[in-house]
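Engineer: return a 3D structure for these sequence lines:
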Amino acid sequence: WLFWQFQHPATRMNRYLRLFRRDRASMSSASIHAAPQVAGLVGRLPGWLMHDGERDIGTKVDKVNAYASGTAADRLRRGSGWVRTRMVLYPPVFFLRTWLFKRQFLNGWAGFIASVTGAYYVFLKYAKVYEARRQLALQPIVEAKAELGPRSTDVAA
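Structural biologist: This is a model prediction of the structure:
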């Protein structure tokens, strides 16, 4: 269990709403990372909720790829700007934020690997948006070439 071992107590964990009354909440419309939206006050319970989400690196990478695809599709629909800049700059910022500021370094190699895979997720979602935009931009050219048919140089002798 490399990724979700017992975390160092000084690691800054994310806080997610996990327990709520169904009659006072609804789920957000996001296809990826949907979260409950509660009408009313939200409190905190003491203690930890252990989440054993990934048993190995392969499972983690598969999950990262699936989330990146869904997030990229959402960003493509909404029209996200500065994709190439974000693809270059945000992954190292994300790594530093998680490894250093959220103190994942206290979790040893598991914290390092979790921070790197998080940065990879950030890179991958912007790379997928970039790829989809390039494919959309090239689609009319590919369709035009298909309509013209094969050129004489394309035919085998």
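Engineer: only C-alpha atoms for contact and neighbour calcs from this point on.
Structural biologist: OK.
Engineer: where does this structure dip in pLDDT?
Structural biologist: 1-6, 12, 14, 31, 33, 49-53, 151-157 (pLDDT under 70).
Engineer: show me which helix runs longest in it.
Structural biologist: helix 108-148 (DSSP state H).
Engineer: how near is residue 140 to residue 62?
Structural biologist: 32 Å (Cα to Cα, to the nearest Å).
Engineer: same question for residue 21.
Structural biologist: 32 Å.
Engineer: these two: which is more packed in?
Structural biologist: residue 62 (12 against 9; other Cα atoms under 10 Å).
Engineer: element containing the more buried one, please.
Structural biologist: helix 57-78 (DSSP states H and E).
Engineer: show me what that helix is packed against.
Structural biologist: Helix 57-78 sits against helix 108-148, with contacts defined as 3 or more Cα pairs under 8 Å, 6 or more residues apart in numbering; DSSP states H and E.
Engineer: so residue 26: helix, strand or coil?
Structural biologist: Judged by DSSP: H, G, I helix; E, B strand; the rest coil, the three-state class of residue 26 is strand.
Engineer: wait, it touches residue 36, no?
Structural biologist: Yes: contact criterion Cα atoms under 8 Å: residue 26 and residue 36 qualify, at 5.5 Å.
Engineer: the two - which one has more neighbours?
Structural biologist: Per other Cα under 10 Å, whichever of residue 26 and residue 36 has more neighbours is residue 36, with 17 against 14.
Engineer: do I have it right that the more buried one meets residue 29?
Structural biologist: No: when contacts are counted by Cα under 8 Å, residue 36 is not listed as touching residue 29 (9.6 Å).
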